[in-house]
Every structure is written in structure tokens, then in C-alpha cells.
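> Predicted model, plus sequence, below.
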Amino acid sequence: MPELPEVETIKRDLEKKILGKKIIAIEADKPKVIKEPSLDKFRKGLVGKRPKEVIRKAKVLIIKFEDNKFLVIHLRISGWLQYGKKEDKARVLFKLSDGKYLNYMDQRLLGELRLRSDYKDLKFIQRLGPEPFELSLKEFKDIIRTKKTKIKPLLMDQAVISGIGNIYAQESLFESKILPTRQSLSLKDREISLLYKNIRGVLNKAIQNRGSSVDTYRDIDGRTGGMEEKLRVYGRQNEPCFKCRRSIKKINLGGRGTCFCPSCQH
DNA sequence: AATGGGACCTGCGCGC
DNA sequence: TGCGCGCAGGTCCCAT
């Protein structure tokens, strides 16, 4: 899915555009993405209600309504939200009191929508580890030294650290000159410190640039991000490294494509 | 506990 | 042009 920076961008835009606007009607072209409750109850629970708060927890987007119910949206890989006119490709469509629409877009239909009286009791929320911004350097070091696994899959393990996905794990490791295949236990103290700094730096830069649109992700106006042009290693296999000009390589790690510079990263 | 594979889905680019 | 394959920002579940 969109990673932490993309979801944060959506959250901030939604706060500006939909708070206080009543839901007038809901159409579901693909009701399967609504995981709970039934479509009928989902519709009855939301029509007539106004969103009063938008929350982001790692990569999960949560909209709180005036009756204190929560619409929990997990965008997974290809989910995004478009505010404005009605979209033909919307999987679920929320008609709003200002005459506009909030379209739930999701090419691959892997995303999930839930209407619940709480979100904190959801299993996948409870299992989330701290976000990078919630961690002190010391806590980060302790985490890195706890697990016996390769550093890249570790960074992407949401139960350990939440919010980092496949793009920003690669970017953070490239900036830190650390090979994605390194055992986390082998990282030197200064490498962990550098990684800590670079994870925050990469995520902050991505937020400032409104996220990466390398594929289906768009902001709520349907516009691309801006970070995709500033990515330094993701998707650059066979292209020259920005630092040393040698060829970027791509391998498979834990089932995910992983780009790195064999010359700069150790 | 760590790791690998498959599942969930659609759609794109590529080679033949 | 058509077809099969691999691959895609995520995560869960199972087997080893």
C-alpha cells in the first residue's frame, strides 16, 4: 500500500476537504472490499453522518464520525481516495453534502474498509509496532539488536516498526550505505544511528513531497506525488548509481524486489 | 523464531 | 495482434 508518507498526505488532505460534510449516499460497485459489517449495515451506519476527525496509524487511515464510529481504511497496495466528481472506476462511492464525491479507488481490490465502534481492538492495529517517529535512538538500537533476520525485511516488519514499506526501506538503506541483505545483528553502532536518522529523513522528505506515485497512488485530487522523482534507488535497476555511477542491482528479498548499489552499500 | 511459498486481485509491459 | 509470464507501494496464513 501506500506507505506512511502517502497515507499521511491523504490524511492531511481529507482533514481540509471532508470534515463536517455529511454522507448522503453510498454506492458499492465492489462490496467485497467492505469487510465489515454487511453492505446494508455499512450504508445505514454511515449515511447521514459527518466525519469529525481523521487519524493515521502507521499505514492505516481512520475516519472518526460524529457518532464515534470509525471507518477504518487499509489501502494495501493499490487503494487511494479521490475527492471531487464521481469516478467510473470507484469501487465504493460516498456522496457528500457539498455535492461532491469521495471515491474509494483500488485497482487490485486488495484494500479493506471497515465500519466499527473502535479501531484499537483490531488485530492488525494491535500488532503494530511503534512508528519511526515514536522511537528514540536507543529504542531503535534495541529493536535492531533483538531480531535475527536481514535488515530490510526487518524494517518492513510492521510488528517491529510500523509505517515503512518496500520503497522507503530501500531508500533508507541506500542513504545509510547498508546492504539490504545484512543481518541486523551485524550492524555496527554507527550504522544503526545513521539508519535511524535516514529513515526519519526519507519519510519526512516523502511527506514534504506528498508521497511517491510510482504506480497507482494519487492524492485526493487525483494528482501524482512528487517524491517518485526524488527516489534514489527504488526502481533504478540497471541504471547508474547517483553516488558512484555504477549499475544498481535488483534482487528478491522476502518475496519483494529490492534495489541497491553493490558498490556504495556494504 | 525465521523463512519461503501461496493466497488475495487486476492490469501492465515484455518476449515470442 | 495475441498469449503467457513476471511483476507491482501489503499482509496473512501455512509449512518447514
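Good, I have the coordinates.
> rest of the way, CA atoms for contacts and neighbours
Noted.
> what sits up against the helix or strand where A:Ile73 lies?
Element membership of A:Ile73 [criterion: DSSP states H and E] is strand A:70-74. Contacts with strand A:70-74, where a contact means Cα atoms under 8 Å, 6 or more residues apart in numbering, come from A:59-65, A:111-119.
> Go through these and flag which are in strands.
Among the contacts of strand A:70-74, the members falling in strands (DSSP state E) are A:60-65, A:112-116.
> Widest-spaced pair of these?
Largest separation among those by Cα to Cα: A:Phe65 and A:Glu112, giving 18.0 Å.
> Neighbour count: those two, which is higher?
Set A:Phe65 next to A:Glu112 and count neighbours by other Cα atoms under 10 Å: A:Phe65 wins out with 20 against 17.
> ok, the more buried one - contacts?
Per Cα under 8 Å, 6+ apart, neighbours of A:Phe65: A:49-53, A:71.
> Tell me who's in contact with the closest residue to it other than its chain neighbours.
Distances taken as Cα to Cα, 6 or more residues apart in numbering place A:Pro51 nearest to A:Phe65, at 4.2 Å, with adjacent residues excluded. A:Pro51 is in contact with A:18-22, A:63-66, counting by Cα under 8 Å, 6+ apart.
> distance of A:Pro51 from A:Lys16?
Going from A:Pro51 to A:Lys16 by Cα to Cα, to the nearest Å gives 12 Å.
> again with A:Ser186
Distance from A:Ser186 to A:Lys16, by Cα to Cα: 45 Å.
> And A:Gly225, by the same measure?
18 Å.
> which one of the two has more residues nearby?
A:Gly225 (21 against 9).
> on that earlier part again, of the ones in strands among the contacts of strand A:70-74, which is the nearest to A:Glu36?
Using Cα to Cα, the shortest approach to A:Glu36 within those belongs to A:Arg114, at 5.0 Å.
> Tell me if I'm right that that closest one and A:Glu36 touch.
Yes. A:Arg114 lies in contact with A:Glu36 (Cα atoms under 8 Å); the separation is 5.0 Å.
> just to revisit the earlier point, what's the closest of the contacts of A:Pro51 to A:Pro130?
Nearest to A:Pro130 among the contacts of A:Pro51, with distances taken as Cα to Cα, is A:Ile63, at 20.5 Å.
> re the thing from before, quick one: mean pLDDT over the very next helix or strand once past the strand holding A:Ile73.
Per DSSP H and E, the first helix or strand lying C-terminal to strand A:70-74 is strand A:79-84. The average pLDDT for strand A:79-84 rounds to 98.
> Who are the packing partners of strand A:79-84?
Helices and strands touching strand A:79-84, by 3 or more Cα pairs under 8 Å, 6 or more residues apart in numbering; DSSP states H and E, are strand A:101-106.
> okay, the angle between the strand it packs on and strand A:79-84?
Calculated by axes from the mean of the first three to the mean of the last three Cα atoms, to 10 degrees, strand A:101-106 forms an angle of 160 degrees with strand A:79-84.
> and the stretch 1-150 of chain A, which of its residues are near DNA strand C?
By Cα under 7 Å from any atom of the strand, the residues of the stretch 1-150 of chain A that approach DNA strand C are A:1-3, A:6, A:59, A:76-78, A:108, A:110, A:123-124.
> out of these, which one sits closest to DNA strand B?
Nearest to DNA strand B among these: A:Arg108, at 3.7 Å, using Cα to the nearest atom of the strand.
> Burial check on the closest one, number of neighbours?
Here the number of neighbours of A:Arg108 (other Cα under 10 Å) works out to 11.
> quick one: it and A:Ser78 touch, right?
Yes. Between A:Arg108 and A:Ser78 there is a contact under Cα under 8 Å: 5.9 Å.
> Residues of the stretch 151-266 of chain A that sit close to DNA strand B?
Going by Cα under 7 Å from any atom of the strand, the residues of the stretch 151-266 of chain A near DNA strand B are A:253-255.
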